[in-house]
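Q: I need the structure of the sequence given here:
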Amino acid sequence: MSTLAGTGILLRFALRRDRVTTPVWIAVNALMVLSMPNTLRSLYGTDAERTDLVRQLQTNASYRALIGPLHDTSLGGLTAWRVGVYAGLLAAVTGLLVVVRHARDEEETGRVELVASGAVGRRASLTAALLAAAVANAVLALLVTAGLAAQGTAGALALGLGLGATGMVFATTAAIVAQFTESARLARGLTSAVLGAAFVLRAAGDSASSDGSSPWTWLSPLGWLENLRPFAAERWWVLLLFAAAMLLQAAAAYALAGRRDLGMSFVPTRPGPAAGRLGSAAALAWRLQRGGVLGWSLGFFLAGVVYGGLTKGAAGLVGDNDSARKIFERMGGQSGLTDAFLASMVGMLGLVAALYVVASVLRLHGEETSGRAEPLLAGPVGRVRWAAGHLTIAFGGSALIMLLAAAGFAVGYGKEVGPLIGACLAQLPAVWVIGGVAVLLYGVAPRFCAPASWGVAVAALLIGWVGPALNAPRPVLDLSPFGHLPKLPGGGMEWGPVATLTGLAVVLAGAGLTGLRRRDLTG
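A: All right, here's what the predicted structure looks like:
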């Protein structure tokens, strides 16, 4: 029997399982890219404004590290500069999530072993996972190419292919990492760490060079995406780097997959006993989630340092550009430009913190569906007590990472920490509402809780990120809980919305726990 037998059936099954989550990721990414030309036309509509932007990028290394160098001042070139790196990040996240879900996740839950008992080849599961990622990235490439064709066919094709190739590079990276870990969660975390390292290398290179020529930039696939130079005399040969990386990593993944036993890994989890005491459900929740909390904490602190340093030059970055000034004011309030810029950056970290709280809450769902919760609940541990331990990490952890973000802002910007702590903590009610929705969905609709919870979080991120740039009407912005928060620092504190959102989060979480008590376990 061929080692690829049954690949087609597994691919159709994978695409069916991802019929909600993957299209959402693709749609968010494509909408972010395709919304940029009209926004940038209003921001940099004159030659003087574009010349000023080029001058700022040449002299401001922090801004280049955050977004990247500008290779062309056409609308297409501005679009590739403004969202290319972040669209590449989203494509990479989509690719790694798809591969880990259909490779390591399936082995961890035992479904691959059941499928392998039929006429299915040894490498069919891995092949189907990579093909599912390839389908997702191909759809993204087609949408971007078609949507930006009016700005230049060659540039649109280069950007579309670059985004799809970036997604596939990290999909094949995830395929290798999945061979070394027994845990899907650890595979996602390690591949995300590789992605983070790629972003740091690109940022370091771009801060050192204004044209993307630094060796550090060339060490990162995100740097390759920049140096493909869509809409700026495209360097088609850079696609060969993506192709070589994909082929080499895929070959390595296939070789490793053929040398290990099903369900095992090259770096197996050490057996117990665990060090220390686990005397409560909360202690167990902390043991399970501490790695994630520490990783998010470090990331938010570093992000605060970077954004804080960038805030020092906020007025210079915007210059006399009234359109850019208005966007920052819509995101950060009507205070002074520096405070408005700082408030918009704090708001962005609040939106990202919503992703943390959803991931942490959904750890309950993972423990239940994997069967690990059932033996624990068979002892003298109630469901609410068990869930409360994880929810403490989720909601308390979100407060911790926002506090560390405030510390990072204080280090990078040099402003007294008190107002920054208040600004960051003011984001928590909206973050907790998103978390409360995740708890409610887990308690009453566990089958759909993961895609629905991520959908809500991504929708809030999209409204908060793209909405102000598109000058979306107030009713649209109000669909997100973040649209009701006071704009701090600089603005006045509004306790009414803060109290209302906090109360709503408590009600949602309470309803979810009530549903958990009354339903059957699904593991």
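
Q: quick one: contacts of stretch 77-86?
A: Applying C-beta atoms under 8 Å, 6 or more residues apart in numbering, the contact partners of stretch 77-86 are 32-33, 36-37, 40, 44, 50, 67-72, 148, 151, 155, 159, 162-163, 199, 202, 222, 225-226, 229-232. Every residue, glycine included, has its C-beta placed from N, CA and C.

Q: in helices, which of these fall?
A: 32-33, 36-37, 40, 50, 67, 148, 155, 159, 162-163, 199, 202, 222, 225-226 (DSSP state H).

Q: where are the low-confidence patches of the stretch 51-200 of the chain?
A: 57-60, 62, 109-110, 112-118, 120-121 (pLDDT under 70).

Q: pull the number of nearby residues for Ile434.
A: 29 (other C-beta atoms under 10 Å).

Q: what helix or strand is it located in?
A: helix 428-444 (DSSP states H and E).

Q: just the helices in the stretch 401-523 of the chain please.
A: 417-425, 428-444, 449-466, 474-477, 495-518 (DSSP state H, counting those that start in this stretch).

Q: report the contact partners of Gly292.
A: Contacts for Gly292 (C-beta under 8 Å, 6+ apart) come out as 189, 356, 359-360.

Q: follow-up on the earlier one: closest one to Asp206 among the helices of the stretch 401-523 of the chain?
A: helix 449-466 (21.1 Å; C-beta to C-beta).

Q: that closest one packs against which elements?
A: helix 21-34, helix 337-361, helix 428-444, helix 474-477 (3 or more C-beta pairs under 8 Å, 6 or more residues apart in numbering; DSSP states H and E).

Q: how does it look with 7 Å?
A: Judged by 3 or more C-beta pairs under 7 Å, 6 or more residues apart in numbering; DSSP states H and E, the packing partners of helix 449-466 are helix 21-34, helix 337-361, helix 428-444.

Q: pLDDT of the helix or strand following the longest one, averaged?
A: This means helix 337-361. Next in sequence after helix 337-361, counting helices and strands by DSSP H and E, comes helix 363-369. Computed over helix 363-369, the mean pLDDT rounds to 86.

Q: so after helix 363-369, what's the next helix or strand?
A: Counting by DSSP H and E, the next helix or strand C-terminal to helix 363-369 is helix 373-377.

Q: now tell me what touches that next one from outside.
A: 367, 383, 386, 521, 523 (C-beta atoms under 7 Å, 6 or more residues apart in numbering).

Q: what about it, average pLDDT?
A: Helix 373-377 comes out at a mean pLDDT of 81.

Q: now do the buried residues in that helix.
A: For helix 373-377, a neighbour-count test (16 or more other C-beta atoms under 10 Å) marks 373, 377 as buried.

Q: now that helix, how far from the chain's geometric center?
A: Remark: helix 373-377 is offset 31 Å from the chain centroid, using C-alpha atoms, centre = their mean, to the nearest Å.

Q: most neighbours among the contacts of helix 373-377, which one?
A: Trp386 (23 neighbours).

Q: for the closest residue to that one other than its chain neighbours, grab the count of nearby residues.
A: Distances taken as C-beta to C-beta, 6 or more residues apart in numbering put Ala281 closest to Trp386, at 4.7 Å, once the chain neighbours are dropped. Residue neighbour count, defined by other C-beta under 10 Å, stands at 22 for Ala281.

Q: report the contact partners of Ala281.
A: Each residue near Ala281 by C-beta under 7 Å, 6+ apart is listed here: 381, 385-386, 389.

Q: can you give me the helices in the stretch 201-350 of the chain?
A: For the stretch 201-350 of the chain, the helices defined by DSSP H, counting those that start in this stretch occupy 215-218, 221-227, 238-257, 281-311, 314-318, 322-332, 337-361.

Q: and those, which is most packed in?
A: With neighbours taken as mean count of other C-beta atoms under 10 Å, these reach their highest mean count in helix 221-227, at a mean of 27.

Q: quick one: low-confidence ranges for the stretch 351-500 of the chain?
A: Using pLDDT under 70, the flagged stretches of the stretch 351-500 of the chain are 415, 466-472.

Q: list the buried residues for whichever helix or strand Arg55 is part of?
A: If you go by DSSP H and E, Arg55 is part of helix 47-59. Across helix 47-59, burial judged by 16+ other C-beta under 10 Å covers 49-50, 52-53, 56-57.

Q: check which helices and strands that helix sits against.
A: Judged by 3+ C-beta pairs under 7 Å, 6+ apart, helix 47-59 is in contact with helix 61-67.

Q: what's in contact with the helix it packs on?
A: Applying C-beta under 7 Å, 6+ apart, the external contacts of helix 61-67 come out as 56-57, 81-82, 85, 203, 206-207, 210, 306, 309-310, 317.

Q: which of the residues you listed lies closest to Leu425?
A: Of all the contacts of helix 61-67, Val306 has the smallest distance to Leu425: 20.3 Å, by C-beta to C-beta.

Q: so who does the residue lying closest to Ser360 once chain neighbours are set aside touch?
A: Sequence neighbours aside, Ala394 is the residue nearest to Ser360 in space, at 3.6 Å (criterion: C-beta to C-beta, 6+ apart). Listed by C-beta under 7 Å, 6+ apart, the contact set of Ala394 reads 357, 360-361, 435.

Q: repeat the analysis, applying 8 Å as the threshold.
A: Applying C-beta under 8 Å, 6+ apart to Ala394 gives the contacts 356-357, 360-361, 363, 435.
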